[in-house]
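Asks: Dropping a prediction and its sequence here:
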Amino acid sequence: MKNRLKVLRAERDWTQAQLAEALEVSRQTINAIEKGKFDPSLPLAFKAARLFKLPIEDIFDDEVETK
Amino acid sequence: MTKQGCEQNNYQTKNNANTKTLKKWTMAWVITMAIAAFAPRFIWDFNTSLTIIALLINLAVGFRMLVANREYLRGLDEMQQKILFNAMAFTLGVGLVLGLSYELLEDIKLISFEPEISHLIMVMCLTNLTAIIAGHRKYR
């Protein structure tokens, strides 16, 4: 699953640790999500959407990431 | 969001506290296990009452360790939980398959010694450790 987490985080000048703190997960989890290695659960995706004040589909895209 | 907050965020603080609690109960379990195993022979000369008390204390502390482990797992985030659950599932499978085969070796006279449960525990510990490391590498 593709996502814009890294871009949105950079726009706000947040570190991975800060985003992890806000979402109450580990920094490693944020890193794995940003790299597309781990797909977050629906509750975590909604939490991220609430944090960025964006619709969930503006952050996460079901399309498979092409490398 | 402040950078200072990252040093001691909620998740990390809770996780550290759960890890400390689990460590404390695991150590207590190991100590009570040692007492139950060696004290009857070396301290109270197989006094039945004291041995039963030591065994019951060991079981009670062991149960408390399981509760602490459950709290530790519940406190992890979803990716960390997934890594540990996968490792535990793999360890259980390896333990079941290798354990039964190992036990069979003596029955079919391929080994002359009696299989020890401690050998299986060591294999399961190493399997679990390897699976956890592999899980972390996968999501790195």
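Replies: Noted; the coordinates are in hand. Bear in mind the structure is a predicted one, so any value in this text is a computation, not a measurement. Numbers count the residues shown, from 1 in each chain, chains lettered A, B, ... in the order given.
Asks: What parts of chain A come near chain B?
Replies: A:14-15, A:17-18, A:20-22, A:24-26, A:28-29, A:31-32, A:37-38, A:40-41, A:44 (Cβ under 8 Å from any Cβ of the partner chain). Where C-beta positions appear, they are placed from N, C-alpha and C, glycine not excepted.
Asks: List buried members of the residues you listed by neighbour count.
Replies: A:14, A:17-18, A:20-22, A:25-26, A:28-29, A:31-32, A:38, A:40, A:44 (16 or more other Cβ atoms under 10 Å in any protein chain shown).
Asks: Tell me which of those residues fall in helices.
Replies: Using DSSP state H, the subset of those located in helices is A:17-18, A:20-22, A:28-29, A:31-32, A:44.
Asks: for the record, mean pLDDT for the top helix by length along chain B?
Replies: In chain B, taking DSSP H as the definition, the longest helix is helix B:10-42. In this model, helix B:10-42 has a mean pLDDT of 96.
Asks: Against which helices or strands is it packed?
Replies: helix A:16-23, helix B:48-75 (3 or more Cβ pairs under 8 Å, 6 or more residues apart in numbering or on different chains; DSSP states H and E).
Asks: one more time with 6 Å, if that's ok
Replies: For helix B:10-42, the contact count by 3 or more Cβ pairs under 6 Å, 6 or more residues apart in numbering or on different chains; DSSP states H and E identifies helix B:48-75 as packing neighbours.
Asks: Okay, buried residues for the helix it packs on please.
Replies: Of all the residues in helix B:48-75, those buried under the rule 16+ other Cβ under 10 Å are B:54-55, B:58, B:61, B:65, B:68, B:72, B:75.
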